[in-house]
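Chemist: with the sequence up front, the predicted model follows.
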Amino acid sequence: MSTLIEKIKPHAEMIAALFAGVLIATAWILSKNIGDTTVVVGMYLAAFIIGGAAKAKEGIEATLESKKLNVELLMILAAIGSAIIGYWTEGAVLIFIFAMSGALETYAMNKSHKEISALMNLQPEEANLLLADGTVKKVHVNELQVGDKLLIKPGERVPTDGRIIEGTTSIDEAAITGESIPVTKTMAAEVFAGTVNLSGAVTIEMTKPNSESLFAKIIELVQSAQSEKSPSQQFIERFEGRYVNTVLIVVAIMLFLPHFIFGWDWNTTFYRAMVLLVVASPCALVASIMPATLSAISNGARQGVLFKGGIHIENLSSLKAIAFDKTGTLTQGKPIVTDFIVADGYDAQDLLATIAGIESQSNHPLAVAITQYATAQNIKKFHKAQIEDIPGWGLKGVVNGVEYKVGKPDFIGKERVAAFQNGRANLLTAEGKTVIFMANNEGIVALAAMKDTVREQSKQAIKQLNEMGIHTIMLTGDNEKTAKVIAAEAGVEQYVAECLPETKVEHMKDLMKKYGFVAMVGDGINDAPALATATTGIAMGEGTDVALETADIVLMKNDLTKIAYAVKLSKKMQKIVKQNILFSISVIALLIISNFLQIVNLPLGVIGHEGSTILVILNGLRMLNSRP
């Protein structure tokens, strides 16, 4: 029972609002048949209490805290005013609309905290502490202190920032830099909490407290960015206070002043004040935005674009620049073999079967790329090999009695590499490719060049955005040479290389100062702070949980061309919203003036008020089938 209550608790506001809606519908149907009997009035009262309790409490608490009136109180007073003059249905509907908006707001707030939990799950809770006598003890990471020596086995996550003091290995730093290719770490190299040790066992010395680790900073950056209010939100809050104060002051004046100035009797004075309270309620204004927004969200979802809220569509309509992560966003995220070059006198098919036979026994991403390439080249059977893994360097393999070395230049011999086909490897490296060599006792017999290739959709998406006048920038943890090549291939106007999560955030802030409205597109944990900092964060649908939770928009099919569609959709929605707001304000102004002149009575006021609401809703629903 307690488990069920815990599951329901986050959705309590939504359940209450929906239940209030059912009560209102039932009471309205009954009133048509039996009139406003005690049962019907009782159901309306129940709807008032159930639907309005949460917002009334929130409004009162906010008023007491800030010493300012708010829209929550105005809606409650408008509903009560409707009931006082006998219009129970109107009052209950006002409560229902506001209760639904409050429930959606609460839901959005709850969702915003999930990515922090997802980040925390990647931080190891335990570490292997090396004691003075050489034994290993499992301890909680909170017990660690700067200077402690820790053993990290293959396959384990690094528990804290530190420096390697013994051993050599390959580290998958995708969680920090976003780079898909693991990095070789030798003596004195820095390692970061949350990254994965792939091959050799290493001993590290802790260099920073957990509270100051790079991983902890990522969490802090996400939290900080989410707590900052957008300019639109600040404007809405300022407008809200002024609107409420104005309406309540005018209603208060209407309660007595016309009696003395115009000679109205007290019944007429009170009646006109209540009509004012009803016609001045912001139902039409609320309806001006929400149906159009929800319709745009539904439209986007059908096209594979998931918007997490209306504010993000609004921001997207003003987009001036967009920054992209490289790995897994602009590129495929996995290296593929682009060149396989053999020395003179050797058979390419035979050497490909040999290197594939050696690499097929490793799970390193580069090894996987080579075996996949061999399969694609119709190598039906790989040569059998006895291998020895040299962590951080490469592999040794014996095939048909011949010993081969497969790895990077330092492992093969830099002089051999420089001499191979007059420095062919240097040309490949200049193209942003990673080069792996295979050598026997006679020298280098083959090389395989690999790179993370740009998606075709990325090129098309960048072209669309550039044509729309939106500036495109690539932020990557990769080196300058690779970044330059990928940026040119993708067609982005600008790139920044060697970015850590912290520097991505700094560049994002600089871009926001320059352009105002800036989006960030990414898929990795390392992108989360920049996604949260950007005006609009856009995540790839197959990205990490943290990126998906942090982002404001998700491309469910990883189709970057949908960004241009989303921008056009948001601009169309903004156009409709402006139409609705202008129309609804004009109607409210007309009804208020007519009420002062006693031209409109309550039924006509209700028809004008609700009629304008229906019209702006219908206009907003046009976004459902819009094809910008």
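Modeler: Received it, and whenever you're ready, just let me know what you need. Numbering: from 1, shown residues only.

Chemist: can you classify E498 as helix, strand or coil?
Modeler: Assigned by DSSP: H, G, I helix; E, B strand; the rest coil, the conformation of E498 is coil.

Chemist: which residues are in contact with it?
Modeler: 476-480, 483 (CB atoms under 8 Å, 6 or more residues apart in numbering). Using the backbone N, CA and C atoms, a C-beta is placed for each residue, glycine as well.

Chemist: TSV for the residues you listed, including neighbour count?
Modeler: Listed next are the contacts of E498 as TSV, based on neighbours: other CB atoms under 10 Å:
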residue	neighbour count
T476	26
G477	24
D478	25
N479	12
E480	13
A483	22
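
Chemist: give me the pLDDT value at Q372.
Modeler: pLDDT, Q372: 91.

Chemist: using the three-state scheme, assign it.
Modeler: helix.

Chemist: count of neighbours near it?
Modeler: Neighbour count for Q372, taken as other CB atoms under 10 Å: 16.

Chemist: and the two most separated of the contacts of E498?
Modeler: By the measure CB to CB, G477 and E480 form the most distant pair in those, at 11.5 Å.

Chemist: what's the closest non-adjacent residue to the residue positioned nearest the centre of the chain?
Modeler: For the chain, the residue nearest the mean C-alpha position is A551 (0.6 Å; CA atoms, centre = their mean). In space, and not counting its chain neighbours, A551 is closest to A539: 3.5 Å by CB to CB, 6 or more residues apart in numbering.

Chemist: that neighbour falls within a helix, correct?
Modeler: No - read with three-state DSSP, A539 is strand and lies in no helix.

Chemist: next, the contact list for it, please.
Modeler: 521-523, 527, 531, 547-548, 550-551, 553-555.

Chemist: so which of those residues is the most crowded?
Modeler: The most crowded member of the contacts of A539, judged by other CB under 10 Å, is D527 (36 neighbours).

Chemist: any idea of the pLDDT on the residue in the chain sticking out farthest from the centre?
Modeler: Most distant residue from the mean C-alpha position of the chain: G263, 60.3 Å away (CA atoms, centre = their mean). Confidence at G263, expressed as pLDDT, is 85.

Chemist: for it, give its distance to T269.
Modeler: Separation of G263 from T269 (CB to CB, to the nearest Å) stands at 10 Å.

Chemist: F340 now?
Modeler: 91 Å.

Chemist: how about V244?
Modeler: Noted for V244: a distance of 22 Å to T269, by CB to CB.

Chemist: by contact count, what packs against whichever helix or strand N580 is part of?
Modeler: Element membership for N580 (DSSP states H and E) is helix 562-596. When contacts are defined as 3 or more CB pairs under 8 Å, 6 or more residues apart in numbering; DSSP states H and E, helix 562-596 packs onto helix 266-279, helix 283-302, strand 305-307, helix 310-317, helix 456-467, strand 553-555, helix 602-620.

Chemist: and E388, which of the ones you listed is closest to it?
Modeler: Smallest distance to E388 across those (CB to CB): 39.4 Å, for helix 456-467.

Chemist: the closest one packs against which elements?
Modeler: strand 471-475, helix 480-490, helix 562-596.

Chemist: if I look at the residue nearest to the centre of the chain, what pLDDT would I see?
Modeler: A551 is assigned 80 on the pLDDT scale.

Chemist: go on, P291?
Modeler: pLDDT for P291: 72.

Chemist: so it makes contact with G620?
Modeler: Yes - using CB atoms under 8 Å, P291 is in contact with G620, at 3.4 Å.

Chemist: who has more neighbours out of V244 and T269?
Modeler: Between V244 and T269, V244 has the larger neighbour count (other CB under 10 Å), namely 22 against 18.

Chemist: which SS state does that one fall under?
Modeler: helix.

Chemist: okay, it: pLDDT?
Modeler: 72.

Chemist: my read: it touches I76, true?
Modeler: No - V244 is beyond contact range of I76, at 11.2 Å (criterion: CB under 8 Å).

Chemist: so how far is the helix holding N580 off the chain centroid?
Modeler: 27 Å (CA atoms, centre = their mean, to the nearest Å).

Chemist: list the buried ones in it?
Modeler: Residues 562-574, 576-577, 580, 583-584, 587-588, 591-592, 594-595 are the ones in helix 562-596 that count as buried (16 or more other CB atoms under 10 Å).

Chemist: repeat that for stretch 186-205.
Modeler: In stretch 186-205, counting by 16+ other CB under 10 Å, buried: 189, 191-202, 204-205.

Chemist: so which of those sit within helices?
Modeler: If you go by DSSP state H, the buried residues of stretch 186-205 have nothing in helices.

Chemist: so which of those residues belong to strands?
Modeler: Mapping the buried residues of stretch 186-205 onto strands (DSSP state E) picks out 191, 196-197, 202, 204-205.

Chemist: biggest separation within the residues you listed, which pair?
Modeler: It's V196 and E205 that sit farthest apart of these, by CB to CB, at 19.2 Å.

Chemist: tell me the phi and psi of the residue farthest from the centre of the chain?
Modeler: The phi/psi pair for G263 (degrees, to the nearest 10) reads phi 70, psi 20.

Chemist: and the closest residue to A17 other than its chain neighbours, how many neighbours?
Modeler: Once flanking residues are discounted, A17 sits nearest to A99: 3.8 Å by CB to CB, 6+ apart. A99 sits with 27 neighbouring residues when counted by other CB under 10 Å.

Chemist: touching, A99 and A16? I think so.
Modeler: Yes - here A99 reaches A16: they are 6.7 Å apart, a contact under CB under 8 Å.

Chemist: what touches both of these two?
Modeler: Both A99 and A16 are in contact with 51, 54, where contact means CB under 8 Å, 6+ apart.

Chemist: and stretch 348-366, what's its mean pLDDT?
Modeler: For stretch 348-366, the mean pLDDT works out to 88.

Chemist: for stretch 419-427, same thing?
Modeler: 79.

Chemist: next: stretch 149-168.
Modeler: 91.

Chemist: ok now that stretch, how far from the chain's centre?
Modeler: That offset, for stretch 149-168, works out to 31 Å (CA atoms, centre = their mean).

Chemist: kind regards, and thank you for your time.
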